[in-house]
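Student: give the three-dimensional model of this entry:
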Amino acid sequence: MKGKAVIVGGSIAGISCAHALIAAGWEVVVLEKTNAAPTGCATGAGLGLDTVSFKLIQPWIKQPEILDRMTLPLTVEYEQATDGSKNSTRTLAKDPSFNFKVVHWSDLHRLLYESLPSEVVLWGHLFLSLSMSEDKSSVKAVAKLLQTDETVEIVCDLLVGADGSLSSVRKHFLPDHKLRYSGYCAWRGVVDYSDSENSETLNAIKKAYLDLGKSCYFDLGSEGHVVLHELINRRINWVWYLNQQEPTFERNSLTAKVSHDMVENMYELAEKVWIPELVKVMRETKEPFLNAIYDSEPLEQLCWNNNVVLIGDAAHPITPHGARSTNMSILDSAVLGKCLEKWGPQNLGQALEEYQSIRLPVAKEQVLFSRRLGRIKQRLPVFGREIFDPTTASEEECKVLQLKNIPYHNGMPSILM
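Tutor: This is a model prediction of the structure:
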């Protein structure tokens, strides 16, 4: 007997989960409120795939060689201290075994989505609610078609919440669970130089960051820290984490609407904090945007009633500093798929328990590590240690900044081997 699953959320987590469950022999429907599949654009964000995620994705896509062509290998991590007033940087720590492949979010999403059967994702379907059958053997998901306002009901054996940090599925079971504001936001941008053969800005930034193109730079300054790396096709991805009061948002969004004045104020501050070559890249960004950074206290469980489960940011809202969000989503999906394949639809409770036993301890440690690392780099208080000062820190003290310290770094669960 084939099990039927409804996945709430059609971002990378939900699309990855669809692949993993189809591979496990399940019938899958994805409910996504966006009216159509996102199209590639120059704006958006870059993300880093670790070696585990890169390996797991390969069997899901129709043409795995495309993944190689759309990703850029970054083999070195640089942690640096920048003094914008002196136009100087110095290396704090260097890891030549960084081993991430960076990709634009929209490129990866499109590749994963287009490798699914076309009928799997129901675009323009806003998830409204869920309810259990009397014997709790099935779940009913209710969604609204945004184009017509009509309501649809889908009965399934398993409902997967892959609907992000503001998860409606999680809220059904944990209505009092709150996100925790980190104390800072992230200005982000991608600059596309693919049509600028001899861009002075691109040439200048590559002279200032000599290993750009094969390295990821983390610059710590007087006001927060910056992440800088190249993407495929001569695109530069940058993120500036800046301490500030919690902003206000439009409903169901963690991205703040920014005005022209807000952007100009950001640029003016950047002139005081970062070297001119980096500031020029920021100023040439067409549509910089502002994300507030949240996580939450780790959950005590990831599944309920033997037929509802959380994956991705719905299961473990996390700050970005361990480069874990997308990688955790992919790993969650793969582990869930293997557990379902191992136990079969008739033993759904055991499958979800095993998934939870594998992923819950990892998620807890990685969420707390990423929180701590972010606070160190932002010079915020961390229990049990002094405020980190990159201008005076010793070589040994700077090792705390490196991503390889994250618990379960590049760990492949035995069920996937």
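Student: and the longest strand for the chain?
Tutor: strand 180-192 (DSSP state E).
Student: what pairs with that one, and is each one parallel or antiparallel?
Tutor: strand 235-243 (antiparallel), strand 289-295 (antiparallel) (DSSP bridges).
Student: flag every buried residue along that strand.
Tutor: Across strand 180-192, burial judged by 16 or more other C-beta atoms under 10 Å covers 182, 183, 184, 185, 186, 187, 188, 189, 190, 191, 192. (Glycine included, C-beta is placed from N, CA and C.)
Student: for the helix or strand following that strand, what is the distance to the chain centroid?
Tutor: With elements assigned by DSSP states H and E, the helix or strand that comes after strand 180-192 is helix 200-208. Offset of helix 200-208 from its chain centre (C-alpha atoms, centre = their mean, to the nearest Å): 28 Å.
Student: may I have helix 200-208 as CSV, with CA atoms only?
Tutor: Output of helix 200-208 as CSV, limited to C-alpha atoms (Å, rounded to 0.1, in the frame of the first residue of the first chain):
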residue,chain,number,x,y,z
GLU,A,200,36.2,48.3,-12.4
THR,A,201,34.2,47.4,-9.3
LEU,A,202,34.7,43.7,-9.8
ASN,A,203,38.4,44.0,-10.6
ALA,A,204,38.9,46.1,-7.5
ILE,A,205,37.0,43.8,-5.1
LYS,A,206,39.1,40.9,-6.5
LYS,A,207,42.3,42.8,-5.8
ALA,A,208,41.1,43.5,-2.2
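Student: beyond it, next helix or strand please.
Tutor: Counting by DSSP H and E, what follows helix 200-208 is strand 215-220.
Student: and the longest strand of the chain with helix 200-208, angle?
Tutor: For strand 180-192 against helix 200-208, the angle by axes from the mean of the first three to the mean of the last three C-alpha atoms, to 10 degrees is 120 degrees.
Student: rounded mean pLDDT for strand 180-192, please.
Tutor: Strand 180-192 shows a mean pLDDT of 95 in the predicted model.
Student: what about it, distance to the chain center?
Tutor: 12 Å.
Student: now stretch 248-263
Tutor: 19 Å.
Student: just stretch 145-160 next, same as before
Tutor: 26 Å.
Student: gap between the two ends of it?
Tutor: Its first and final residues considered, stretch 145-160 spans 19 Å by C-alpha to C-alpha, to the nearest Å.
Student: ok, residues contacting that stretch?
Tutor: Residues from elsewhere that reach stretch 145-160 (C-beta atoms under 8 Å, 6 or more residues apart in numbering): 3-8, 14, 17, 21, 26, 29, 31, 33, 35, 124-126, 128, 130, 133, 137-144, 169, 307-311, 336, 340, 345, 348.
Student: list only buried entries from these.
Tutor: 3-8, 14, 17, 21, 26, 29, 31, 33, 124-126, 130, 138-139, 141, 143-144, 169, 307-311, 336, 340, 345, 348.
Student: returning to that earlier point: wait, which of the strands paired with strand 180-192 is closest to residue 391?
Tutor: strand 235-243 (17.3 Å; C-beta to C-beta).
Student: beta partners of residue 47?
Tutor: residue 103.
Student: okay but residue 372 is in contact with residue 382, surely?
Tutor: Yes - with contact defined as C-beta atoms under 8 Å, residue 372 reaches residue 382; the gap is 5.9 Å.
Student: these two: who's more crowded?
Tutor: Taking neighbours as other C-beta atoms under 10 Å, residue 372 and residue 382 compare with residue 372 leading, 20 against 17.
Student: who does the helix or strand hosting that one touch, helix- and strand-wise?
Tutor: According to DSSP H and E, residue 372 maps onto helix 348-377. With contacts taken as 3 or more C-beta pairs under 8 Å, 6 or more residues apart in numbering; DSSP states H and E, helix 348-377 sits against strand 180-192, strand 289-295, strand 303-304, strand 308-310, helix 325-343.
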